[in-house]
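Asker: no sequence for this one, just the structure:
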């Protein structure tokens with residue numbers, strides 16, 4: 001064993017009888033990184049919370065439905081004002097028509113009164129006796145012996 005070199009890496013050293021060795025069992029397990037799962041879980045929870053918040057939060061401005069409702073209310077108010085104006089115009093027109101009818105009836109009543117007055121005069125004239133008016137007439141004697149003189153208005157020759 002003289003040529004035995006202990007420093008050589010390929011040489012297996014003999015095991016002596018005095019060292020007792022027990023069998024050793026090595027269990028190799030995968031490394032568990034639970035911190036990574038905690039981070040992923042927290043990020044996922046934050047995303048879900050943010051999504052729920054944005055979907056359920058009250059809108060800052062008016063929504064389209066509120067805008068349409070406001071437009072409908074404005075249109076209804078405008079229609080109500082137009083209807084009131086039309087009603088007033090109808091009442092004014094009705095009053096003008098009533099005045100025109102009253103004026104026509106007044107004119108008809110006046111015409112009836114004038115006609116009744118004329119008929120009354122005619123009836124009065126028929127009912128009364130004849131009226132005799134006497135007057136003195138001037139009688140001139142006729143000139144039968146004299147000759148008639150005829151004059152012309154045109155110029156005569158020699159005059």
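Answerer: Structure's in. What do you need? What you see is a predicted model; the values in this text were computed from it and never measured.
Asker: on the three-state scheme, residue 37 is what?
Answerer: Classification of residue 37 by DSSP: H, G, I helix; E, B strand; the rest coil places it in helix.
Asker: tell me how far it lies from residue 43.
Answerer: 11 Å (CB to CB, to the nearest Å). (Glycine included, C-beta is placed from N, CA and C.)
Asker: again, but for residue 57
Answerer: 21 Å.
Asker: what about residue 132, neighbour count?
Answerer: 5 (other CB atoms under 10 Å).
Asker: and residue 58, helix, strand or coil?
Answerer: coil.
Asker: residues in contact with it?
Answerer: Neighbouring residues of residue 58 by CB atoms under 8 Å, 6 or more residues apart in numbering: there are none.
Asker: that one and residue 46, how far apart?
Answerer: 21 Å.
Asker: ditto for residue 126
Answerer: On the measure of CB to CB, residue 126 and residue 46 end up 120 Å apart.
Asker: now swap in residue 63 and tell me
Answerer: 27 Å.
Asker: check which element follows the helix or strand of the chain with the lowest mean pLDDT along the chain.
Answerer: Among the helical and strand segments of the chain, the one scoring lowest on mean pLDDT, DSSP states H and E is helix 34-56, with a mean of 90. Next along the chain after helix 34-56, taking DSSP states H and E as the criterion, comes helix 64-127.
Asker: circling back to that earlier point, please say which of residue 126 and residue 46 ends up with more neighbours.
Answerer: Shown here are residue 126 and residue 46; by other CB under 10 Å, residue 46 has more neighbours (10 against 7).
Asker: tell me the contacts of the more buried one?
Answerer: Neighbouring residues of residue 46 by CB under 8 Å, 6+ apart: there are none.
Asker: could you measure from it over to residue 88?
Answerer: 64 Å.
Asker: residue 37 too?
Answerer: 78 Å.
Asker: and if you look at residue 112?
Answerer: Using CB to CB, one gets 36 Å for the distance from residue 112 to residue 88.
Asker: fine by me, thanks again.
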